[in-house]
Every structure is written in structure tokens, then in C-alpha cells.
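Peer 1: test case, fold it:
(chains A, B, C and D)
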There are 2 protein chains.
Amino acid sequence: MITIKNMADMLGISATTVSNVIHGKTSEVSQKTVERVEKLLQECDYVPNNSARSLTQNRSNIIGLALRGRKDKYDNIIADPFFSVLIGSIEAEIRAQGYFMMIYSSDDIGELIRNVLTWNVDGLILVGMLHDDFIKVKSRYKKPIVLIDSYAPRDIMNYVNIGLEDEQGAYEMTNYLLEKGHRRIAFLADNMEGVDYIRYIGHQKALAGYGLKPKEEDLLIIRPGMLERESSMEELYFRSKDYTAFMCCSDYYAATLMNYFCDRGVEIPQDLSFTGFDDLLISKVVRPALTTVKQDVSEKGRLSVEYLLKMIQGLEIEKWDVKLPVELVIRSSVRDIARQGVDE
Amino acid sequence: MITIKNMADMLGISATTVSNVIHGKTSEVSQKTVERVEKLLQECDYVPNNSARSLTQNRSNIIGLALRGRKDKYDNIIADPFFSVLIGSIEAEIRAQGYFMMIYSSDDIGELIRNVLTWNVDGLILVGMLHDDFIKVKSRYKKPIVLIDSYAPRDIMNYVNIGLEDEQGAYEMTNYLLEKGHRRIAFLADNMEGVDYIRYIGHQKALAGYGLKPKEEDLLIIRPGMLERESSMEELYFRSKDYTAFMCCSDYYAATLMNYFCDRGVEIPQDLSFTGFDDLLISKVVRPALTTVKQDVSEKGRLSVEYLLKMIQGLEIEKWDVKLPVELVIRSSVRDIARQGVDE
DNA sequence: TTGTATGCGTTATCAG
DNA sequence: CTGATAACGCATACAA
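Peer 2: As a prediction, the model looks like this:
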């Protein structure tokens, strides 16, 4: 590894001058020296040592990306199609802006904090973080943070969140199902926190609009690993008989369940309708194609980086709560019960 | 940020002693001092500065992961299901072993090299790298490298590669198609380099076993962006009339094409059979479920990290060319033409 | 315009 | 057992 000092010695000048040329402080250096240095820079393929730079400048050029959701050490959250699209767009934007990315996918918030501090990361993107954990991070890490898909009491703390019209999306989807004559709708969620909770609110509001009262037992929580266990799938299968529609909080759940139900001989959407959320590739590929709530995941990632870099550069943030729009995408996984006999 | 010096001052001892305690060099420190230091370490939540460490130790604890395949700056290679599963397993293993991961997804090999050098990355995992690029990396980067899914003239250079029985997989799949009576088979590949090329070899060998001669026009190369362009899909649709089966080099291509063809009214597998490669989630979810060649992508990632860390630790590598097994997974996307009339 | 000196946080060497 | 000192590579304040 060639260093600035090496090159300075080779040219018989000081390291400062070389450093100045590297940083384009060419006003302080004679034209002739600039040329000599630049020539050598080329020849040597000089690459700066980022550890040394970080040390002097107290910044690292690293953006940290922390994903919450890995329950178990070998749970592969990155493989989830939603996260992989998101990560891809974030990585592309970070690189395009000349930064580096480090991913943390542990649920251990202490480990996350240590990692972030140990690298002196310039900014942090937190995905789906719970409020308590956010507070913990905030208390130790003082540089800019952008949240993605977080919901927290806004009055407690100021923060930037790149989110989605989750409530609106669930509201519209539920309304669509109701219009199509569905009255017994199960709502399938990961948990009752954050995004899924807000979607459930939208779901409830739509039901209320039709004078229906949401029942607690219609809320089906998908616990980690459930979709891999035959017994829990079996149970969902039996419970499905009480419903005409399964409204899922992700395309992934919808597709996986449709798949299983299909194998059990359930006709979709004749026997049971399905809806998803996200509009990822899988929703187009699954048969019947999935009616879902579309969101622009790539834009979510890109925007979060854009905001974070603004904050890092000390620019004023005008909008602290971005909510990207949703759009209903009608495909073929919902039966029209209202017009009975017509489409059977 | 609290530093070692800070703590040393607080305790009225030297930084060296604190450092020794941190590194468990407790034999050189009195029991009493050890306890005092450890207590303070706890209280202060001391986190080491990795930049400083990297500088002195000439190592970074970072593993670099370079993905080849991004053709365009905003092409999202991480979103590809194969890569996302692979990345997820690599990240999990790297973290489990106490290292950090940095991802590079650019096709610009010079940029990759600069990034790797600037961070003084301890080891590198290269996915699907071409031989020429590998040579370039090797010439500048002197630390351990593990390749995934690379094929290169073995005699030229010694290297570790974690690969797959690609030829065998394609051979078996082609044989399966031939057994089912297919004779006009199109082979759909990304390119004619590396993995896809080897698979094509297997394909050819199977054809030869049936006394068939592979024709050049039966090799359909999927260029980047083709699957998003209506015109090229249209063309594939017209060309499909010459075939009874489309043998694809990835589940992703198979699923995307099936999807399009389905919309155009093609009955699968009655009119046209499909096979994939990888056995990812998508192959189970698509309808009809995809007959494919299964590989253990997670294991591939885990193994590559295991090998790399062995090399970093200076251990002897006994096996330089790992080929993970493949397995034919029969689902419903291939028609049995041989038993004509039976399944129609 | 150029060079010298200093410090960033850590570790290693070596002397006490 | 403990501590002073130098070194890693770079950037900056300041002196020349």
C-alpha cells in the first residue's frame, strides 16, 4: 500500500502538498507541482486509507442500515423480497453518492449500537424499528437517523420517517373487498405493532363505514416460522372456512398461503379470496395473480438516503414525515360475491 | 465517545494497562487493577474505535462482498431472489463470526478494487466474477479471496471456488425433458459465460446421449432488460412456437416468462413446458409449480465465509474446488409428451 | 507556495 | 506488574 508520505518522498516534497493536491486545494499549490503530483498519483494508483481518514476527520463515509426483524440468528431477513428490493435501492443510492454501506440485521439492539459506534458511522437508516429501541439508539448515537416504516408518538421526539399511506391502503383494500360483497374477512398480520397496526386501523375504519364491527378473532397473527410449520398451516386452513377473504399484510404471506391452500384443494378465489400488500414481483407471478396494495419500495429506499445525506450535510429538513402514496392493484384473486352467479 | 486514554486518566493508570485488560492480557496485570478497569469499562459502555484499530493492526475486520451483474447503476441486483438469499446467508455467517460486511455491487472493477483497498478489507468474496476481472483484482489485492460460482481455467491460478454441479444439473434436467418426450427444447441463458456456459455443456451432453445435435438457434440469450420490454417478450412468444419446452437457467426467468405467456393464452404445460434452476420460493409459488434443479443457496453462502475465514486465519485449505450437489425437483410445469393422450 | 508539527485512538515494544 | 514512547496514515493549523 502506497501512502502519501511515500509519494512525498519520491517527489522530494512534503506530505502536506501531496495531500493538498489530492483534495483539490490547488489554489495553494503551484501549477507545476500539481502536475507532478497528479502524474505520480496516476502511476501509483494511490488509494487513500479510510481508517486513517476516519480517525482525523471524525467521520467514516459509512452509512449504517439496520434491519429489525431477524428473530433468530440464521433467519434470513435479507431474503424477504420486500427487504431485498429496499436494500438494493438503498445500496445503489448510497454508492452513487460516494458513501459505503454497512448492514446490521440483528435484533440485538445493543450489538447494533456498538457496531454503529465502533465504526463511527456518519448516518443511520433504521427499518421497522420499534419506538423503545429507537430511543435507545438515539440516546447513544448522536448523528443523523432516518427511519423507514416506523410509527411512534410524534410528540415525544422529532425524527424523519419515510413511510407509506398504510392506513389509506388498508382502508381502500378493505373497502374493495366489502364492495365485492365480502363480509367475513380475516386480517393477517405479522404483529400488532408499527405498520401492521396502522393498517389494521384502516381496515377497521372501512368496516365501520359499512356498519360492521371488527371482531378480535378475525385478526390472525402470523408468528415467525408459522408458514414453515405444517401444524399451523393446517390450523389456518381450518379457520379459513369461517371466511370468504384473507386480507394479508404482505404479498409474501398471501402467496405462501395461496400456495398451501391450493394444494389442499381450495379454489382461489371461488372458495376463498386473497389480497396482498406491496405489489412485488411475486404478486404478479402467483396464480391467480394477486390483488394487492402497491407501494414504491425502491423510491422509499432512495428517498431515505436522500434525506439522510441532507441531514449529514447539515441542510434543513422541511418535511419530517414523508408518506408515500399507495395504489390499489386489481388482479384476479378476489371473487365478486356481490354479483352472485355471474362469475361462477 | 469515550477513549482508552479517557479511562486511563480517570483511573490514574496508563492507557497500556487499560488496553491490556480489554484484550484479556490479564496475566500481565494485577487482579485488583483488572477489576477496577473492568468495572469502568462496564460503566462507560466503552466501544473501541475500529478505525484506530485498523490503522495499527493493518486489518479491518471487514469482509467485502462483490456482486457482478449490475449492468446499470440503478439495476437492482440485490433484489434478485438468488442473490438476496445468498447475501442473507453470507451476512448472517459473517456477523456470527464477529466480522463486518461491506457490499459492492458495481460492475466497475476499478471501483471495486479501490473500495477494497481503501478499507483494507480482510477478505473478499466474489460472486460470478469473470476470469479477467478476477486476475485484475488478484493483481492489486493480496489478501484471501473466495469465489462463488466462478469458472476459470484451473491451471492458470490457484483459487478457492464454491460452486455447484452445474453441468450435472443441466444434464439431468435435459434428460428428464427428453424422457418426457421433448425434442424441441430451447435453452434460455443469461450469457455464455461461467455458470450458464457450463450448464449449456451439460445440456448438450444430454442431447448427444439421445443422438440429438444441439442447434445454435435453440440457445436463447436473455439480455438485460429484455424481460421488461414488451417487444422482446413478444419475440420470445413467437419463437416459442418452435418448441415444446423452455429450459431456463433460473427460476426467476422461468416464472417471469410463464407469467407473460400465460397472459398471452399459452397453456402451461400443455402448449409449452418450463423448467427452472435454483428452487427458490418463486418456483413453489408460481402456477403451475415449477420443475427445477434445486441447489442450497444458503449453504453456498455459509461455506464461502467458512473458507474465507480459514484462509484469513492462515489455516491450510484442503479443498480448493467445492461443488455442491444438485437435485431434480419435479413439479407440474413439464408435460409428458411420451405418454401421449394420457394427460390431456 | 511549501514545509513542520501535532493529533486522531489504538496497539506494540521495551524499559523500569 | 506498569508505563512511557513510537507508530499506523492522514489532515490541518501554523510557521516559514
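Peer 1: kindly confirm my reading that A:T292 is in a helix.
Peer 2: No. Using DSSP: H, G, I helix; E, B strand; the rest coil, the assignment for A:T292 is strand, not a helix.
Peer 1: how much space between it and A:E179?
Peer 2: 16 Å (CB to CB, to the nearest Å). C-beta: built from backbone N, CA, C; applies to glycine.
Peer 1: residue ranges with poor pLDDT in the stretch 101-250 of chain A?
Peer 2: For the stretch 101-250 of chain A, the stretches flagged by pLDDT under 70 are A:153-158.
Peer 1: strands along that one, start to end?
Peer 2: For the stretch 101-250 of chain A, the strands defined by DSSP state E, counting those that start in this stretch occupy A:123-127, A:145-148, A:160-164, A:185-189, A:219-221, A:245-248.
Peer 1: the closest residue to A:L220 other than its chain neighbours pairs with what?
Peer 2: Leaving aside its chain neighbours, A:L220 sits nearest to A:L188 (4.7 Å; criterion: CB to CB, 6 or more residues apart in numbering or on different chains). Taking DSSP bridges as the rule, A:L188 bridges to A:L220, A:C248.
Peer 1: if I read this right, A:L188 contacts A:Y253, doesn't it?
Peer 2: Yes. In this structure, A:L188 is within contact of A:Y253 by CB atoms under 8 Å, at 5.9 Å.
Peer 1: can you list residues touching both of the two?
Peer 2: Common neighbours of A:L188 and A:Y253, counting by CB atoms under 8 Å, 6 or more residues apart in numbering or on different chains, are A:I222.
Peer 1: residues contacting whatever residue of the stretch 151-300 of chain A ends up closest to DNA strand D?
Peer 2: Residue nearest to DNA strand D within the stretch 151-300 of chain A: A:V160 (27.2 Å; CB to the nearest atom of the strand). A:V160 makes contacts with A:I145, A:V146, A:L147, A:Y307, A:L308, A:M311, A:I317, A:W320, A:D321, A:V322, as judged by CB under 8 Å, 6+ apart.
Peer 1: ok, and the closest non-adjacent residue to A:R36?
Peer 2: In space, and not counting its chain neighbours, A:R36 is closest to A:L11: 6.0 Å by CB to CB, 6+ apart.
Peer 1: give me the number of residues near the one you found?
Peer 2: 15 (other CB atoms under 10 Å in any protein chain shown).
Peer 1: so between A:T292 and A:E179, which is more surrounded?
Peer 2: When neighbours are counted by other CB under 10 Å, A:T292 and A:E179 differ, and A:T292 comes out ahead with 30 against 13.
Peer 1: what's the local residue count around the residue of the stretch 151-300 of chain A found nearest DNA strand C?
Peer 2: Relative to DNA strand C, the nearest point of the stretch 151-300 of chain A is A:Y159 (26.6 Å; CB to the nearest atom of the strand). When neighbours are defined as other CB under 10 Å, A:Y159 has 17 of them.
Peer 1: which non-adjacent residue is nearest it?
Peer 2: Closest residue to A:Y159 apart from its sequence neighbours, by CB to CB, 6+ apart: A:L147 at 6.0 Å.
Peer 1: hang on, isn't the one you found packed against A:D133?
Peer 2: No. Look at A:L147 against A:D133 with CB under 8 Å: they stay out of range, at 10.8 Å.
Peer 1: neighbour count for these two, which is higher?
Peer 2: The residue with more neighbours, out of A:L147 and A:D133, is A:L147; 23 against 18, by other CB under 10 Å.
Peer 1: ok, the more buried one - contacts?
Peer 2: By CB under 8 Å, 6+ apart, A:L147 lies in contact with A:I125, A:L126, A:V127, A:M129, A:F134, A:Y159, A:V160, A:N161, A:I162.
Peer 1: dump these to JSON lines, plus distance to B:S60.
Peer 2: As requested, those are arranged in JSON lines below (distance: CB to CB, whole Å):
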{"residue": "A:I125", "distance to B:S60": "22"}
{"residue": "A:L126", "distance to B:S60": "24"}
{"residue": "A:V127", "distance to B:S60": "25"}
{"residue": "A:M129", "distance to B:S60": "27"}
{"residue": "A:F134", "distance to B:S60": "29"}
{"residue": "A:Y159", "distance to B:S60": "31"}
{"residue": "A:V160", "distance to B:S60": "30"}
{"residue": "A:N161", "distance to B:S60": "33"}
{"residue": "A:I162", "distance to B:S60": "31"}
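Peer 1: in the stretch 201-344 of chain A, which spans are helices?
Peer 2: According to DSSP state H, counting those that start in this stretch, the stretch 201-344 of chain A carries its helices in the segments A:230-239, A:251-263, A:281-285, A:297-312.
Peer 1: show me the contacts for the closest residue to A:Y176 other than its chain neighbours.
Peer 2: Take A:Y176 and drop its neighbours on the chain: the residue closest to it by CB to CB, 6+ apart is A:L328, 6.2 Å away. Going by CB under 8 Å, 6+ apart, A:L328 touches A:G169, A:E172, A:M173, A:Y176, A:T291, A:V293, A:K294.
Peer 1: just among those residues, which is most surrounded?
Peer 2: Counting neighbours by other CB under 10 Å, A:V293 comes out on top of these with 30 neighbours.
Peer 1: so who does it touch?
Peer 2: Applying CB under 8 Å, 6+ apart, we find A:V293 in contact with A:169-170, A:172-173, A:275-279, A:326-329.
Peer 1: ok, what's across the strand from it?
Peer 2: Applying DSSP bridges, one finds that A:V293 bridges with A:F277, A:L328.
Peer 1: closest residue of the stretch 101-250 of chain A to DNA strand D?
Peer 2: Closest point on the stretch 101-250 of chain A to DNA strand D, by CB to the nearest atom of the strand, is A:N120, at 12.9 Å.
Peer 1: that residue reaches B:V47, doesn't it?
Peer 2: No. When contacts are counted by CB under 8 Å, A:N120 is not listed as touching B:V47 (9.6 Å).
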